[in-house]
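1. What follows is a protein structure lacking sequence information:
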Ligand code: NA
Ligand code: NA
């Protein structure tokens, strides 16, 4: 009943053409009414407190950094470099996205921040090169969700704390599957980009490459600063975002002198407004999530899988399907907090390694970030890249399918996770 | 657009810019202070969180005026005009409903937290709920005005958009208007 | 006895398995049993209903019914609660039990109804310990310059500054990564929370400083409280206090077992000599003096006399 009301209200209000954010708030209100908790304070508290979060501040700062890099000449120089290095290959920039996604994921713990910086930095390059905006956005969204799979990962920390599992072990176990997903994306991109009519540029000479490298040196320092800053614990991810914004401002205004004060005001405004659109949606999603917690919808669903207890692989398979369904409508963190503590005891009782399950669980929740109707990473890419939502969904589909394929491969062959995990920890 | 509207939008624009600038400066300086002077600005996290709340809701207001919030309008766009008008009206009624709930709830929470000083900011916790009150009032007035325009038949068919969906051109036209209005 | 059928949402930010959350489950079980299944409690741990500050105002607004958190945090509502956060002066849990179950507890909780909540009982989280990655902390001087993550609380920030450390307020959600990458050198919390949050995986040294004692206050929202009849009120108070006796026992055992588990996991556990603890207490004396001015003088006197602390 509660599940029907949730899905029904959400889809109905979205169908009316209302913004998804408002549809989520209305859904929260409908659940409040059904549970006899009709109170505006629930809406106010969840909406406002969801934004008052330090890790989330990375979003506007990375968007600002990206805007400054675009307007201030940093991106242009990196495009030039990327073009001279891989531009002559078919779909070269797509591999740059995947490689950057892996790099960024080893720097930050959140898919949202990765999505914000990747789409702000690489989407304009791909569009300029002639790729379909929706396809490029889809690749970027899919590459961003490697963020919470490869450590550091806020998702694994929350999961480890909520289920009493070793976070270090979860971290180490996440590296190999994260790389496998990157590989799967690269293979998918290879086939997808073959059908795209992007003219590869002629191969650059060594002198052209060197020139492009020297010209973009200031810009290339930025990822180095972020890598060093995070790897050696000088900054937290949000602080890294602030440093990135400040550094790119310095380079654009003082070194390259390609950004005027008037332009600066305008793009600060744009970055703030873009982040506001994203955060309003994140905040709106917090309301039905709170009601779902109270209604114990996951508990109702769990009761259904108990009969599968004597076949671990089938149980894990069924749970993965369940999480994919829940993940369509729920964000990564609430899914972890709600389902993690309930599911881990179930799989342990069925004889499944909880670390292995935790990695699958997190990959699945991460995939949920790119499934509609509530796909926070999709929303970020959509808003930052100014892409049509439905077109982005179509663009994401092949990469989503590749990730689901990897997920079920890992369900069939647990050794793909457990064996590399022992290599890394010994 | 009246002078007052322009002034109002300009004010909102400056709130967003100043919040962004303050957040960047607070967090960046905190890092510098920690490494150069071995001390931090204790309140930087809390204050930037509060500024982020204000920036988000002022920004969300502007995005609403521009019809820029993400939505799916594939169904509505395929409806006949009369049904489209009905959907537009109905969408506005439910949006107004939750806006009313947000207003009441934010007001109650602002009252509860008006004199409670947050240890994270040394400012009243109620300030975050005042952002909610402001958003509810200003977005509610806008939604009401749109509903009134629809009911009195003064809303053109091209303006029957609630969210940014398929028609990007329309959205960017509205966006351009708004930016032009703000710039002048 | 006249009990109506009611559902109580009981929230906390601590993890499942830590002593306060264990107490919540005991409370839920006892209350259901003694009300003949009428008064039912649902436990929401792990902060799934929101952060501490949010949940407190949910209680005040009548959206959530009960919560349990650090009693010292109630300083945002009444300055007197800050006395419970004073460092190094609380060492004997039996003295604390007597104070909190008696006059001091009563004086504190009597101030709460005007803030929209009722204090039912005091449970505990235990003594806070210092962990870090740099070196063993035996004495005051070892703390010099250590970057310690602290809660966003001015009293605690002042206290760590007075000890010579470098206190850095930081969201608890970022703490694990910050400890791992070295953004901060250490943190301070109770042994069950260190173990529950797995900080020992990314820390090397644990010092048994017992610098703060964390009584937990069990709160019920006034809007909900006012709907209850006298029988229900009496039963809820009774069960909360009865649970306190059991919860404290569990918590006190948990301090030892968690510390053993942390030691077994490879951390170096350092006991601090009593003379060194006294030096640390001396170092924070100006902080105690400064904050004591904000407390009711009679309250300070009762508490300081009971624990044998002299301000001057
Ligand atoms: Na990561
Ligand atoms: Na989703």
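-> Everything's here; your move. The shown structure was predicted, so the numbers you read here are calculated from the model rather than taken from an experiment. Ligands and ions are numbered 1, 2, ... in the order given.
2. all strands of chain C, in order?
-> C:6-11, C:39-44, C:66-70, C:117-132, C:147-150, C:166-169, C:186-190, C:205-208, C:213-221, C:268-271 (DSSP state E).
3. packing partners for the second one?
-> When contacts are defined as 3 or more C-beta pairs under 8 Å, 6 or more residues apart in numbering or on different chains; DSSP states H and E, strand C:39-44 sits against strand C:6-11, helix C:19-34, helix C:230-264. Glycine gets a C-beta too; all of them are placed from N, C-alpha and C.
4. mind listing what's buried in it?
-> C:39, C:41, C:43-44 (16 or more other C-beta atoms under 10 Å in any protein chain shown).
5. tell me which of the residues you listed is nearest to chain B?
-> residue C:44 (19.4 Å; C-beta to the nearest C-beta).
6. So that closest one sits against residue C:14, correct?
-> No: in this structure residue C:44 lies outside contact range of residue C:14 using C-beta atoms under 8 Å: 11.0 Å.
7. show me the contacts for the one residue in chain B that gets nearest to chain C.
-> Closest approach between chain B and chain C, counting by C-beta to the nearest C-beta: residue B:120, at 4.3 Å. Applying C-beta atoms under 8 Å, 6 or more residues apart in numbering or on different chains to residue B:120 gives the contacts B:43, B:45-47, B:49, C:152, C:169.
8. Could you rerun that using 6 Å?
-> With contact set as C-beta atoms under 6 Å, 6 or more residues apart in numbering or on different chains, residue B:120 has these partners: B:46, C:152.
9. Could you check how far it is from residue A:117?
-> 27 Å (C-beta to C-beta, to the nearest Å).
10. Could you do residue A:370 as well?
-> For residue A:370, the distance to residue A:117 - C-beta to C-beta - is 16 Å.
11. Between these two, which has more neighbouring residues?
-> Between residue A:370 and residue A:117, counting by other C-beta atoms under 10 Å in any protein chain shown, residue A:117 is the more crowded of the two (30 against 26).
12. tell me which element that one falls in.
-> helix A:111-129 (DSSP states H and E).
13. So what touches that helix?
-> A:58-59, A:62-63, A:66, A:70, A:79, A:93, A:97, A:104, A:108, A:133, A:136, A:140, A:144-145, A:147-148, A:369, A:377, A:380-381, A:384-385.
14. How many neighbouring residues does the closest residue to residue C:47 other than its chain neighbours have?
-> Excluding the flanking residues, the one nearest residue C:47 by C-beta to C-beta, 6 or more residues apart in numbering or on different chains is residue C:13, at 3.8 Å. Other residues near residue C:13 come to 23 when the count uses other C-beta under 10 Å.
15. was I right about residue C:13 contacting residue C:52?
-> Yes: at 5.4 Å, residue C:13 and residue C:52 qualify as touching, with contact defined as C-beta atoms under 6 Å.
16. quick revisit: find me the pLDDT at the residue nearest to residue C:47, would you?
-> With respect to pLDDT, residue C:13 scores 89.
17. now do residue B:91
-> 96.
18. same question, residue C:247
-> In this model, residue C:247 carries a pLDDT of 98.
19. Can you lay out the strands of chain C as TSV showing distance to ligand 2?
-> Listed next are the strands of chain C as TSV, based on distance: least, C-beta to the ion, whole Å:
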stretch	distance to ligand 2
strand C:6-11	26
strand C:39-44	24
strand C:66-70	31
strand C:117-132	36
strand C:147-150	33
strand C:166-169	33
strand C:186-190	34
strand C:205-208	41
strand C:213-221	34
strand C:268-271	45
